[in-house]
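**Q** how would this look folded up:
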Amino acid sequence: MICGPLTGGAFLAQMIALELGAGFCFAERIVSSRPGLYPVDYRIPLALHGDLRGRRVAVVDDAISAGSAVRRTLIELDGADANPIVIAALIVIGPRGRVLADERAVPLETLRQLPDAVWMPDECPRCAAGEALAVL
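**A** Prediction:
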């Protein structure tokens, strides 16, 4: 099975599944009421859980930076008793994709790794310097 978070990752995952003749599933993006920097969940529809039980699954996203979409998709796969075996993305920005793969003990496959462009507020050098955010 190939699984991707909606929107970008799911479309890429679906194309890969078609090319490989594999099954496909997706995780829907749901804004939660949870406070914090990443208040978004990703849910695999319950109707797909039966197809996932015991299956080996590749988690595919178009890009990983903060890693929240892939992390939440992995949590959903755990809840469906699936077996994630790899994380893949066209581009990985910063270290969070590698950290997530290492935490899950699965390989991370990517076409391009770029330096980090995302900081937590307490790590941001501009925040620490009291600089205002630029509005484009």
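
**Q** immediately after the strand ranked longest in the chain, which helix or strand?
**A** What stands out as the longest strand in the chain, according to DSSP state E, is strand 83-93. Counting by DSSP states H and E, the next helix or strand C-terminal to strand 83-93 is helix 96-104.

**Q** Which positions within that following helix qualify as buried?
**A** Residues of helix 96-104 classed as buried: 96-98, 100-101, 104 (neighbour count, 16 or more other CB atoms under 10 Å). Every C-beta, even on glycine, is put in place using the N, C-alpha and C of the backbone.

**Q** so what does it touch, helix or strand wise?
**A** Using 3 or more CB pairs under 8 Å, 6 or more residues apart in numbering; DSSP states H and E, the elements in contact with helix 96-104 are strand 56-64, helix 68-79, strand 83-93, strand 108-114.

**Q** And the longest one, what's buried?
**A** Neighbour counts using 16+ other CB under 10 Å place 68-74, 76-77 of helix 68-79 among the buried residues.

**Q** Residues in contact with it: which ones?
**A** 3-5, 9, 27, 29, 38, 40-44, 49, 52, 57, 59, 61, 64, 83-84, 87, 89, 97, 100, 104 (CB atoms under 8 Å, 6 or more residues apart in numbering).
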